[in-house]
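[1] After the sequence you'll find the predicted model.
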Amino acid sequence: MSRTTDILVVGSGMAGLMAAIVACSRGKRVTLLSRGCGSLSIGSGCVDVLGYANGRPVEGNPLDALDALPERHPYRLVGRDGVAQALALLRDVCARHGAPLESSAGGNRRVPTILGTLKPTWLTLPSGRGELLEKAGSALVVSVDGLKDSHPALATAQLRRYPHLAGISWHEAHLENPIPGAHRNLSPLDIARYVESPEGVSWLTAGLRKALRAAPADVVLLPPVCGLGDAAWQAVSAAVPVPLIEMPTLPPGVGGLRLYTALKDELREHDVDMVENARITGADCDGRRCAALVAETACGLRRFAARAFVMATGGFMGGGFLSSPGEAREAVFGLPVLQADGAPLPRRPEDWSDRDIFGNHAFASAGVMVDAAMSPLRLDGMPALDNVFFAGRSVGGYDFASEKSGNGVAVATAWRAALSACAQC
Ligand SMILES: Cc1cc2nc3c(=O)[nH]c(=O)nc-3n(C[C@H](O)[C@H](O)[C@H](O)COP(=O)(O)OP(=O)(O)OC[C@H]3O[C@@H](n4cnc5c(N)ncnc54)[C@H](O)[C@@H]3O)c2cc1C
């Protein structure tokens, strides 16, 4: 069977969802196809734009630091205005669907994580106001009995090592498990789902108020358990007398799911055709023009024809790249995958990572090189395809992990790739 659309977007992480939103907002018929749901839905929901540039923390507005990045960095290709427009669109969509994203006037926010580190990030939900901790004289760190990866003693021990937080008086509290009888460790997602109910809101607010009576504090730090949407967050935060900060956790994060739901709601409003559990296995190309992609779906092999394509298939983890001993390539078109500086990956896979955990890991920056239209390039630097554009983690020229730029690059490159695709229709 064959289906035709204006633009086929592959991947439903941050990049694929944003590319589909940009294209449908310009009146194009869009199909969004994906095998799984990407890393957005398991992440913290923080939109990192640029936490570190050239190894140094970015103190002010990260948009002001983009011009100092190397020329082949995706932000340089999109340009500062483009990045700003893309982020503004993301904020607008998320605000309309109950997931308002905020920035701090003082530059990157530093959000305390469940492991007691401070995560630099640009946009957060209202529960990510990390600067409130920096102004507090006392803080209460809360967990729930049986919640995995959540240890207030660990978080406080680590946080008090930051000199500017050392003067805070730290307290800890554990709330009783509201879901007894679970036959596995609870995740914040389990509790957040419970807090979507009126009983869940009462349980959490009563528990926090009791803990604050025992250990008064200026601010409460807790795992992301205040519901899945804005209504539960509003109810809980209004009923507790001091500000709450939700700490990003190990996956599954709840904040990312809040953004994922908001972006999907926008696509549903635009009647975008969404095909899930489908894996692109091949491309039908005539020279540099792609006519269709072929996918394994629940109904067998299907051909998806389109005028233009946005590939937002992620990196090694997302499924966008394939590797075999000593070699890596982009999974659908077989495009070369290079390190951030344009060098090929080392021949020995042992050299794809560095002994230093914060060192230069070749696998983490590997990507498809693109031009300013997000059009993929061959090894000789010439365009590889005319109507196919790349976005997100599959794009080369940056290292999201060391820069803290993952969702920011995904949003900016998706915006640019979708506009390039629209120009083809
Ligand atoms: C655990 C974790 C936490 C993170 N936390 C943060 C954070 O707090 N802030 C931040 O800014 N960044 C964070 N990041 C980084 C950020 O999530 C990514 O850099 C960014 O979201 C990349 O999105 P993407 O859409 O390009 O790729 P992905 O999210 O990897 O999505 C790829 C999509 O492509 C689909 N796909 C792949 N191959 C095929 C195929 N052949 N056929 C069909 N579909 C296919 C996948 O199923 C998936 O839907 C985190 C990443 C991880 C892994």
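    In hand now; what should we look at? Numbers count the residues shown, from 1 in each chain.
[2] The residue found closest to Ala418 once you drop the neighbours it is linked to in the chain: helix or strand, and which one exactly?
    Closest residue to Ala418 apart from its sequence neighbours, by C-beta to C-beta, 6 or more residues apart in numbering: Val22 at 3.6 Å. All C-beta atoms are positioned from the backbone trio N, CA, C, and that covers glycine. Assessed by DSSP states H and E, Val22 sits inside helix 14-25.
[3] Which neighbouring elements make contact with whatever helix or strand comes next after that helix?
    Going down the chain from helix 14-25, the next helix or strand is strand 30-33, by DSSP H and E. Applying 3 or more C-beta pairs under 8 Å, 6 or more residues apart in numbering; DSSP states H and E, one finds that strand 30-33 contacts strand 2-10, helix 14-25, strand 273-275, strand 300-311.
[4] Pipe these into TSV and attach mean neighbour count and distance to the ligand per row.
    Shown next, in TSV, are the helices and strands packed on strand 30-33 (neighbours: other C-beta atoms under 10 Å; distance: least, C-beta to the nearest ligand atom, whole Å):
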stretch	mean neighbour count	distance to the ligand
strand 2-10	23	5
helix 14-25	30	3
strand 273-275	18	9
strand 300-311	21	8
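[5] can I get those in a markdown table with mean pLDDT?
    Converted to a markdown table, the helices and strands packed on strand 30-33 look like this (pLDDT from 0 to 100):
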| stretch | mean pLDDT |
| --- | --- |
| strand 2-10 | 87 |
| helix 14-25 | 98 |
| strand 273-275 | 96 |
| strand 300-311 | 96 |
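[6] could you dump those to a markdown table with distance to Ala139?
    Conversion of the helices and strands packed on strand 30-33 to a markdown table gives the following (distance: least, C-beta to C-beta, whole Å):
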| stretch | distance to Ala139 |
| --- | --- |
| strand 2-10 | 43 |
| helix 14-25 | 31 |
| strand 273-275 | 42 |
| strand 300-311 | 43 |
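[7] circling back to that earlier point, the residue nearest to Ala418 against Asp92, yeah?
    No: Val22 is beyond contact range of Asp92, at 11.8 Å (criterion: C-beta atoms under 8 Å).
[8] quick one: contacts for the residue of the stretch 301-425 of the chain found nearest the ligand?
    Distances between the stretch 301-425 of the chain and the ligand by C-beta to the nearest ligand atom are smallest at Gly392, namely 2.1 Å. By C-beta atoms under 8 Å, 6 or more residues apart in numbering, the contact list for Gly392 reads 11, 13-16, 312-314, 409-410, 413-414.
[9] What's opposite Thr4 in the beta bridge?
    In this entry, Thr4 is beta-bridged to Ala305, by DSSP bridges.
[10] Isn't it up against Leu293?
    No: applying C-beta under 8 Å as the test, Thr4 and Leu293 come out as separate, 11.8 Å apart.
[11] Now do the shared contacts for these two.
    In contact with both Thr4 and Leu293: Ala306, using C-beta under 8 Å, 6+ apart.
[12] Can you check the pLDDT for the closest residue to Arg378 other than its chain neighbours?
    Spatially, and ignoring its direct neighbours in sequence, Arg378 is nearest to Ala384 (4.8 Å; C-beta to C-beta, 6+ apart). For Ala384, the pLDDT comes out at 98.
[13] again with the one 10 residues further on
    On the pLDDT scale, Ser394 is placed at 98.
[14] interface residues of the stretch 251-400 of the chain facing the ligand?
    With the criterion set to C-beta under 6 Å from any ligand atom, the stretch 251-400 of the chain comes near the ligand through 251, 279-280, 312-314, 317-320, 331-332, 392-393, 400.
[15] how about a cut-off of 5 Å?
    251, 279-280, 312-314, 318-319, 392-393, 400 (C-beta under 5 Å from any ligand atom).
[16] Would you map the helices across the stretch 1-150 of the chain?
    Under the criterion DSSP state H, counting those that start in this stretch, helices of the stretch 1-150 of the chain are mapped to 14-25, 74-78, 80-96, 131-134.
[17] Throw those into TSV and include distance to Arg35, thanks.
    Putting those into TSV (distance: least, C-beta to C-beta, whole Å) gives the following:
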stretch	distance to Arg35
helix 14-25	11
helix 74-78	23
helix 80-96	23
helix 131-134	39
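[18] For the ligand, what is the nearest residue in the stretch 1-150 of the chain?
    Using C-beta to the nearest ligand atom, Gly13 is the residue of the stretch 1-150 of the chain that sits closest to the ligand, at 2.3 Å.
[19] ok, that residue to Ser127 distance?
    Applying C-beta to C-beta, to the nearest Å, the value for Gly13 to Ser127 is 22 Å.
[20] quick one: which of these two has more around it?
    Set side by side, Gly13 and Ser127 show more neighbours around Gly13, with 31 against 22, by other C-beta atoms under 10 Å.
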